[in-house]
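Peer 1: Quick one: sequence plus predicted model below, questions after.
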Number of protein chains: 2
Amino acid sequence: MNFKTLELVDKKLRWIDQTVLPLEVSYKTSDDYQEIITAIKRLEVRGAPAIGIAAAFALAIAAEKEQDTYDEFILKVANELRDSRPTAVNLFWAIDRMLDIYVKYANESTEDIINELFYEAKCIHKEDIAMCQQIGLNGATLIKDGDTILTHCNAGALATGGIGTALAVMYTCKEQGKKIQVFADETRPLLQGARLTAWELQQENIDVTLITDNTAGMLMRQGKIDHVIVGADRVTNNGDVANKIGTYAVAVLAKEHGVPFYVALPDSTYDKSLETGDEIIIEERSSEEVTKGFGNQTAPDNVKVYSPAFDVTPAEYVSYYITDKGLQKGMREE
Amino acid sequence: MNFKTLELVDKKLRWIDQTVLPLEVSYKTSDDYQEIITAIKRLEVRGAPAIGIAAAFALAIAAEKEQDTYDEFILKVANELRDSRPTAVNLFWAIDRMLDIYVKYANESTEDIINELFYEAKCIHKEDIAMCQQIGLNGATLIKDGDTILTHCNAGALATGGIGTALAVMYTCKEQGKKIQVFADETRPLLQGARLTAWELQQENIDVTLITDNTAGMLMRQGKIDHVIVGADRVTNNGDVANKIGTYAVAVLAKEHGVPFYVALPDSTYDKSLETGDEIIIEERSSEEVTKGFGNQTAPDNVKVYSPAFDVTPAEYVSYYITDKGLQKGMREE
């Protein structure tokens, strides 16, 4: 990668500020856990795996600075981190894992505790890197030289500690010498496709074309798309997929045109506590993201807006789940 | 209507400037045909029927002002008008009709010629008003009290001389006392749904909710949409429909969910010279409409963009064509 989403440098966290991409490539560095929380809240760091890693480092960094009244302090930091993005599953998972380490080493010396916390945070990061790589390798077996891939939103290096989930497949194809072409949906309302996916693929010299979300159907009808690969925010026991709003429409279009539809995800994105996608509560976003998206106001004052952040794609639209553990056949019948 | 898209006032054309909607409701008036051409080019006046009417008035207004060297002058004006928006079919149709009148009365007095030209332009406008009304009446027979309708782009009063095509159905339902609810796709890249459809329905007190184009699929899956109604830029002999990009995806989603899909159009939008939609040449728009849509730049520099203005919805996705002549059953099998 020609950029680093997250990195530990001299016990400080360094991250790329995703709010100013693609116009500015700006890195921030901090050893203040509260600044890291602000960065997560402001979406400078985003993507469930990336948020989990940032939170783990934040906890270790906080422990390093405050070497006193530990029990209370560590729990306070953990709670503040949990509150930063209440819906990111990986955040809770990473914090729980860090607290387990803290409990395990609570009777050791302060130095030992701090070392173990940094070690665990680095483990979480390294595991994420390995998992992305494995998703890439598994997914690449589905792609032939010369194929064209459509993706929605950003499930790339910017969303993880490694090379991404959906985009990991593209990076791996490139490394294997397969020539691929990517179409990136701009992904309204927040335009993660235009701002982030197009940018990071461009950085890695992958042939990418930006389209409005409205254009995907026409491209599929013209036979110009060979595969669709998206990420996932949560997958329930029956295989239903919660992902960025608009994913479901892409899945329906893919089925209609016989284009295979893949969901790339780490095994940890499976939410075993939920049976079907109907149980997933969908976050609603502010109307201003639609009416005043990027600069000018583009809708009448006081217009009603309905802007869900995610939708659910039922399992019967999925051809394959691409995970770090392997390929899992979906329920879509061809 | 609480606003007038186009109006002749004392032999001057008055129009609502659609480029500043919905933030400003600003009317312009001119008796200079070249200013009217500029208004068409700048999309201050848009929508195929509205453009045709504006062009007809512009020709009469030009004749009124320049009462000399007629043959040459009228042809010059006609050619300049034709060049203003090369793809709007109604523009050519309206100009041809005005030229026929000119030829018919060429040997009469200047006063007579001018009167006949104004009379013909007013006829074109009046016919359009009547046609919109009839589309509304015919379409309203498909809608029940309490129904919810999804629309894409703007096929409303702002696109015609009357109450619109797709939106005419909604206005007629309201007049008939049927309570309806409308969801308006924002319609990237130019956001005609957000800027124009949401505004004009709001003006007429119709319950409208703005959504991103990505949200339509989720709403249909939740059973919240009873009908889809869109306009058309051109319909070929076999029933294929060229309309704003994204219409095809809505049609596919509608079919998948058993939601009826209607195309509202004047009989004159049928292009009898083309057999199927494959023959329609699709205009490509500038990449800046996608990358610098409305204010800030939201995509990386030099990113490749593919931005077709229209797509083609094959006849087999259409439940009904709603025209001024009546309802015509489409080829979609339920």
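Peer 2: Perfect, I can see it now.
Peer 1: Now stretch A:250-258: buried residues?
Peer 2: A:250-257 (16 or more other C-beta atoms under 10 Å in any protein chain shown). (Each C-beta comes from the backbone N, C-alpha and C, glycine too.)
Peer 1: right, I mislabeled it, should have said stretch A:292-301
Peer 2: Buried residues in stretch A:292-301 (16+ other C-beta under 10 Å): A:293-294, A:297-300.
Peer 1: need the strands for the stretch 1-150 of chain A, in chain order.
Peer 2: Using DSSP state E, counting those that start in this stretch, the strands found in the stretch 1-150 of chain A span residues A:6-9, A:12-16, A:27-30, A:148-151.
Peer 1: Within the sheet, what are the partner strands of the longest one, with directions?
Peer 2: Translated: strand A:12-16. strand A:6-9 (antiparallel), strand A:27-30 (antiparallel) (DSSP bridges).
Peer 1: Mean pLDDT, mean neighbour count and distance to B:Ile61 added to those, as TSV?
Peer 2: Below are the strands paired with strand A:12-16 laid out as TSV (pLDDT from 0 to 100; neighbours: other C-beta atoms under 10 Å in any protein chain shown; distance: least, C-beta to C-beta, whole Å):
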stretch	mean pLDDT	mean neighbour count	distance to B:Ile61
strand A:6-9	96	16	65
strand A:27-30	98	14	60
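Peer 1: and the closest residue to chain B within the stretch 1-150 of chain A, how many neighbours does it have?
Peer 2: Across the stretch 1-150 of chain A, the shortest distance to chain B (C-beta to the nearest C-beta) belongs to A:Pro22, at 3.8 Å. Neighbourhood size, A:Pro22 [other C-beta atoms under 10 Å in any protein chain shown]: 21.
Peer 1: Turn the strands of the stretch 1-150 of chain A into CSV, including distance to B:Ala62.
Peer 2: Formatted as CSV, those follow (distance: least, C-beta to C-beta, whole Å):
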stretch, distance to B:Ala62
strand A:6-9, 65
strand A:12-16, 58
strand A:27-30, 61
strand A:148-151, 49
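Peer 1: out of those strands, nearest to A:Ala198?
Peer 2: strand A:148-151 (10.2 Å; C-beta to C-beta).
Peer 1: Give me the contacts around the closest one.
Peer 2: A:143, A:166-167, A:169-170, A:180-185, A:193, A:197, A:216, A:219-220, A:224-230, A:250, A:259 (C-beta atoms under 8 Å, 6 or more residues apart in numbering or on different chains).
Peer 1: again with stretch A:159-166
Peer 2: Contacts of stretch A:159-166 (C-beta under 8 Å, 6+ apart): A:1, A:5-6, A:46-50, A:53, A:124-125, A:128-133, A:135-136, A:151, A:155-158, A:168, A:171-172, A:200, A:229-232, A:262, A:264-266, A:322.
Peer 1: Narrow the residues you listed to just the buried residues.
Peer 2: A:5-6, A:46-50, A:53, A:124-125, A:128, A:131-133, A:135-136, A:151, A:155-158, A:168, A:171-172, A:200, A:229-232, A:262, A:264-266, A:322.
Peer 1: remind me which residues of the stretch 51-200 of chain A are low pLDDT?
Peer 2: A:67-69, A:86-88 (pLDDT under 70).
Peer 1: What are the boundaries of the helices in the stretch 101-250 of chain A?
Peer 2: A:110-140, A:166-175, A:192, A:198-203, A:216-221, A:247-256 (DSSP state H, counting those that start in this stretch).
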